[in-house]
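1. sequence and predicted model, in that order:
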Amino acid sequence: MFVIVGKIKSLKEDVEKFEFVIEDDTDEIAVVKWKDDSQCEMANYLVRLNGTISKSNSVLSFNAIKLEAINYQAIINHTLFVLNANLELEVLKLKTCGQNKRDVKMKQQSLANKFTPESRHETMLKAISEFKDEIGVSFHELQRKCHDLDDVAFKDIINDLIANGLIFATIDDKHFLACDL
């Protein structure tokens, strides 16, 4: 799962999907986003995309799972997060003189898995991960475990975890299991 932030440069709408180009100040990236019922994308919007990257015939494309409009501050925060992660890796490489590749690899994975700074997401993911049966944990059981959240915040966190590919719904949209990562 990757996160890209940038500006929608061009947009081509199809019956089933949007195809657009994102400019992220490093390169232009072709993006495909399958349509939702209430979705409308517009050129020149600043967006954050969560999704997967594929390469076909030397063309890099991004399959967007989640798209959200953002402001310039979110782009600055994302850029600072990426720079900080790179600096942490460089410091670790210098400390180990490049000898301990295992530590560097573990740090890379740790930084890659850090999908949000908010501990609410981590708490919710941990609560869902504790359930291993086929049905998963119910919405009401999760609300009891994470009782400090209001309904709107609770549903937003669940939707974010699903969009990031960390959990999935099982028998209905009220039961969830964690993905094996």
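-> Received the coordinates, thanks.
2. by mean pLDDT, point me to the weakest helix or strand of this protein.
-> When the helices and strands of the chain are compared on mean pLDDT, DSSP states H and E, helix 101-113 comes out lowest with a mean of 62.
3. centre of the chain to the helix or strand just after that helix, how far?
-> Beyond helix 101-113 in the direction of the C-terminus, DSSP states H and E gives the next helix or strand as helix 119-129. For helix 119-129, the separation from the chain centroid amounts to 15 Å (computed by C-alpha atoms, centre = their mean, to the nearest Å).
4. what strands line up against the helix or strand just after helix 119-129, and which way round?
-> Scanning forward in sequence from helix 119-129 by DSSP H and E, the next helix or strand is strand 137-138. Strand 137-138 has these partner strands in its sheet, going by DSSP bridges: strand 175-178 (antiparallel).
5. return the list of helices and strands in contact with the helix of greatest length in the chain.
-> Among all segments of the chain classified by DSSP state H, the helix with the greatest residue count is helix 72-95. Packed against helix 72-95 by the contact rule (3 or more C-beta pairs under 8 Å, 6 or more residues apart in numbering; DSSP states H and E) you find strand 2-13, strand 46-56, helix 101-113. Glycine gets a C-beta too; all of them are placed from N, C-alpha and C.
6. any chance you could list what contacts the shortest one?
-> Just to be clear, that refers to strand 46-56. Applying C-beta atoms under 8 Å, 6 or more residues apart in numbering, the set of residues contacting strand 46-56 from outside is 1-8, 22, 31, 33, 60-72, 74-75, 78, 163-164.
7. swap the cut-off to 6 Å and go again
-> 2-5, 7, 61-70, 163-164 (C-beta atoms under 6 Å, 6 or more residues apart in numbering).
8. contact partners for residue 10?
-> When the contact criterion is C-beta under 6 Å, 6+ apart, the partners of residue 10 are residue 21.
9. may I have stretch 4-15 exported as PDB, CA atoms only?
-> Taking only C-alpha atoms (Å, rounded to 0.1, in the frame of the first residue of the first chain), the coordinates of stretch 4-15 have been written out as PDB:
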ATOM      1  CA  ILE A   4       0.800   9.700  -2.900                       C
ATOM      2  CA  VAL A   5      -0.100  13.300  -2.600                       C
ATOM      3  CA  GLY A   6      -0.300  15.700  -5.500                       C
ATOM      4  CA  LYS A   7      -2.400  17.700  -7.800                       C
ATOM      5  CA  ILE A   8      -4.800  16.300 -10.400                       C
ATOM      6  CA  LYS A   9      -3.400  17.500 -13.800                       C
ATOM      7  CA  SER A  10      -5.800  15.900 -16.300                       C
ATOM      8  CA  LEU A  11      -8.900  13.900 -15.900                       C
ATOM      9  CA  LYS A  12     -10.600  11.400 -18.200                       C
ATOM     10  CA  GLU A  13     -14.000  10.000 -17.100                       C
ATOM     11  CA  ASP A  14     -15.300   6.600 -18.200                       C
ATOM     12  CA  VAL A  15     -18.500   4.800 -17.300                       C
END
